[in-house]
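**Q** Attaching a predicted model along with its sequence, questions to come.
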Amino acid sequence: VSVETYGHPYVTLYRPDLLAVLAEAVEAAAPGTIRLGRRAAGCADEAGRAVLRFADGAAAEGDALVGADGIHSAVRAALYGPGEAEFTGLVAWRGVIPMERLPRRLARMVASNWVGPGRHVVQYPLRRGELMNFVGVVERDDWLEESWTTPGTHAAMRADFAGWHDDVQALIDAIPQPYLWALKLR
């Protein structure tokens, strides 16, 4: 369907793998350009140059700045103000599952969507089929933390998907560590 509709196949990527490919390409083109271990604190346009300030007091400058410093972006805040994100009423569970932990019927190179009242689940393979990504979205108003790294519990995750198909339960059970975050808009 993707090829017929868009002219290209549907592709899923694992963020760490994509970042590694991009970092390798940048390093090949301009060795020493990427420096890790710093936290962005803000940015400014100074005499037509983009200046990025770091929390440790250091700065870097260039022709352009790409603000890819996370959901609590200092670059975004510097450009558009510190405005609070608006809660969507949706909370997402996520987990990355080693494919060998899944029953054979689920360990496939196929993306699937499970849809039900007030919630849905998306699963899709990553890293050449070594991993399966799980994202389960639930309408809730009791979780407001905006973070990709807040651990949740299997019990709470199972409660949000109680009564769902056995395959969804098998996916939940196979997740080494579920994470929970509130989906917010800016």
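**A** Cool, got the structure.
**Q** which helices and strands sit right next to the longest strand anywhere in the chain?
**A** Across the chain, the longest stretch assigned as strand under DSSP state E is strand 86-98. Contacts defined by 3 or more C-beta pairs under 8 Å, 6 or more residues apart in numbering; DSSP states H and E place strand 86-98 against strand 131-139, helix 166-174, strand 179-185. C-betas here are computed from N, CA, C, even on glycine.
**Q** Strands of this protein, start to end?
**A** Ranges of strands in the chain, per DSSP E, are 40-46, 49-54, 59-62, 86-98, 112-116, 119-126, 131-139, 179-185.
**Q** so how far is the fifth one off the chain centroid?
**A** Using C-alpha atoms, centre = their mean, to the nearest Å, we find the averaged C-alpha position of strand 112-116 to lie 19 Å away from the chain's own average C-alpha position.
**Q** Buried residues, that strand. List them.
**A** The neighbour-count check on strand 112-116 (16 or more other C-beta atoms under 10 Å) flags Trp114 as buried.
**Q** just to revisit the earlier point, so which of the strands of the chain is nearest Gly152?
**A** strand 179-185 (3.7 Å; C-beta to C-beta).
**Q** what's the angle from the longest helix seen in the chain to strand 86-98?
**A** Secondary structure of the chain read by DSSP state H shows that its longest helix is helix 15-29. Relative orientation of helix 15-29 versus strand 86-98 (axes from the mean of the first three to the mean of the last three C-alpha atoms, to 10 degrees): 90 degrees.
**Q** Now helix 15-29: average pLDDT?
**A** Taken as a whole, helix 15-29 has a mean pLDDT of 92.
**Q** quick one on the thing from earlier: ok, and which of the helices and strands packed on strand 86-98 has the densest surroundings?
**A** Mean neighbour count (mean count of other C-beta atoms under 10 Å) peaks for strand 131-139 among the helices and strands packed on strand 86-98, with a mean of 19.
**Q** can you put the helices and strands packed on strand 86-98 in CSV and add mean pLDDT and distance to Glu24?
**A** Formatted as CSV, the helices and strands packed on strand 86-98 follow (pLDDT from 0 to 100; distance: least, C-beta to C-beta, whole Å):
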stretch, mean pLDDT, distance to Glu24
strand 131-139, 97, 20
helix 166-174, 97, 31
strand 179-185, 93, 27
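**Q** follow-up on the earlier one: make JSON lines from the strands of the chain and add distance to Val1 to it.
**A** Compiled in JSON lines, the strands of the chain are given as follows (distance: least, C-beta to C-beta, whole Å):
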{"stretch": "strand 40-46", "distance to Val1": "40"}
{"stretch": "strand 49-54", "distance to Val1": "41"}
{"stretch": "strand 59-62", "distance to Val1": "41"}
{"stretch": "strand 86-98", "distance to Val1": "25"}
{"stretch": "strand 112-116", "distance to Val1": "13"}
{"stretch": "strand 119-126", "distance to Val1": "15"}
{"stretch": "strand 131-139", "distance to Val1": "20"}
{"stretch": "strand 179-185", "distance to Val1": "26"}
